[in-house]
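J.: coordinates for the following, if possible.
(one chain, ligands or ions: 2)
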Amino acid sequence: MSIQVSPVTPILAAEVSGVDLSSALDDATFNAINDALVKHSVIVFHDQDLSPEALIDFSRRFGPLMEHVLKEALLEGYPEIYRLSNVKKDGKPQGRSNAGQYWHSDLTYEPNPSMGSVLYGIEVPDVGGDTLFASTAHAFETLSAPMQDMLQGLSAEHLFAHAFRGGANPAARKGDPLAERPEVQHPVVRTHPESGRQCLFINDGFTVKINEVTPVESIALMAFLNAHMTKPEVVYRHKWRPGDVVVWDNRALVHRGVGDYSGEQHRHMHRTTIEDTATAHH
Ligand code: OGA
Ligand code: MN
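T.: Ligands and ions are numbered 1, 2, ... in the order given. Below you'll find the model as predicted:
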């Protein structure tokens, strides 16, 4: 197989063509895909057709898979697959509807956060329901040297329930049963184990505070960093087509959903989450 990688913006995202992800990929092809992911942080494949098994097999090439804390959203028989869906069965959505409507990186509230996620769009709205991505490596690299130096030694608290208890976008964060995961601590700046780039590692969704500064300083510093990371001119906006598979590097970006589509429009997706076995965790 010969794959082509075409960058979408100068900062992040690339389209990868010439590969059928449902087939068994040889090592050279998989390595080219992983290289594209490390270089561009988010890679897009069009026109794919993946059974649950095929999605799991492809995802496992990157590493062991993680099970999401929201059990009711998992696909029956396939706990590795987390469903994003507003399609109702017996009056209930078949997965999470409106997942991740705030800037975040997946599973940073876990002691060992994730390396990446694979999201497969099965049914998507005609318009709306895009996903936004912003590079936390580019964000760190575009800070001044004194600001970079100050951030190096800091740590932050992350908590799953934080995303659901009010904040920038309370409408998207109400009503979830979430005392289940205790808070965890992570460095504010992490070195990407494959690219060697330093990346900011805080996010609006799950990061409660920066530990070593005063509460008021933490609020101001996080507001500045979150705004800096997600400026419109650095964001890649993915407009979904049915059959798209998007793989993103949770070590090197933040992302969010946009719940701007009508409930009549179906949005039904399968996601896997890959464990990070390479970054040093504290
Ligand atoms: C996710 C996520 C956003 C979206 O699946 O991790 O944040 O647009 N999804 O569905
Ligand atoms: Mn997410």
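J.: can you tell me the SS state at the closest residue to ligand 2 within the chain?
T.: Closest approach between the chain and ligand 2, counting by CB to the ion: residue 100, at 3.9 Å. Placement of C-beta: from N, CA and C, glycine included. With DSSP: H, G, I helix; E, B strand; the rest coil as the basis, the three-state label of residue 100 is coil.
J.: over to residue 151?
T.: On the basis of three-state DSSP, residue 151 is classed as helix.
J.: wait, what's in contact with whichever residue of the stretch 1-150 of the chain sits closest to ligand 1?
T.: Proximity of the stretch 1-150 of the chain to ligand 1 (CB to the nearest ligand atom) peaks at residue 100, 2.7 Å away. By CB atoms under 8 Å, 6 or more residues apart in numbering, the contact set of residue 100 is 106, 205, 255, 256, 257.
J.: where neighbours are concerned, which of those has the most?
T.: If you count neighbours using other CB atoms under 10 Å, the busiest of those is residue 205, which has 28 neighbours.
J.: assess the claim that it and residue 161 are in contact.
T.: No - assessed by CB atoms under 8 Å, residue 205 is found out of contact with residue 161, at 10.7 Å.
J.: quick check: mean pLDDT of the longest strand along the chain?
T.: Assignment by DSSP state E gives strand 114-123 as the longest strand of the chain. Per-residue pLDDT over strand 114-123 has a mean of 98.
J.: can I get the contacts of residue 100 in TSV with pLDDT?
T.: Formatted as TSV, those follow (pLDDT from 0 to 100):
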residue	pLDDT
106	95
205	93
255	98
256	97
257	97
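J.: from those residues, which single one is nearest ligand 1?
T.: The nearest one, if we look at the contacts of residue 100 relative to ligand 1 and count by CB to the nearest ligand atom, is residue 257, at 3.0 Å.
J.: wait, residue 3 touches residue 16, no?
T.: Yes - using CB under 8 Å, residue 3 is in contact with residue 16, at 5.8 Å.
J.: of those two, give the one with the bigger neighbour count.
T.: residue 16 (21 against 15).
J.: what is that one paired to in the beta sheet?
T.: For residue 16, the beta-bridge partners are residue 5 (DSSP bridges).
J.: and it, what does it touch?
T.: The neighbours of residue 16, taking CB under 8 Å, 6+ apart as the test, are 3, 4, 5, 6, 33, 36, 43, 44, 45.
J.: taking those residues, tell me the two that lie furthest apart.
T.: Greatest spatial distance among those (CB to CB): 6 and 33, at 13.7 Å.
J.: compare the two (neighbour count), which wins?
T.: Neighbour tally, residue 6 and residue 33, criterion other CB under 10 Å: the higher count belongs to residue 33, 22 against 12.
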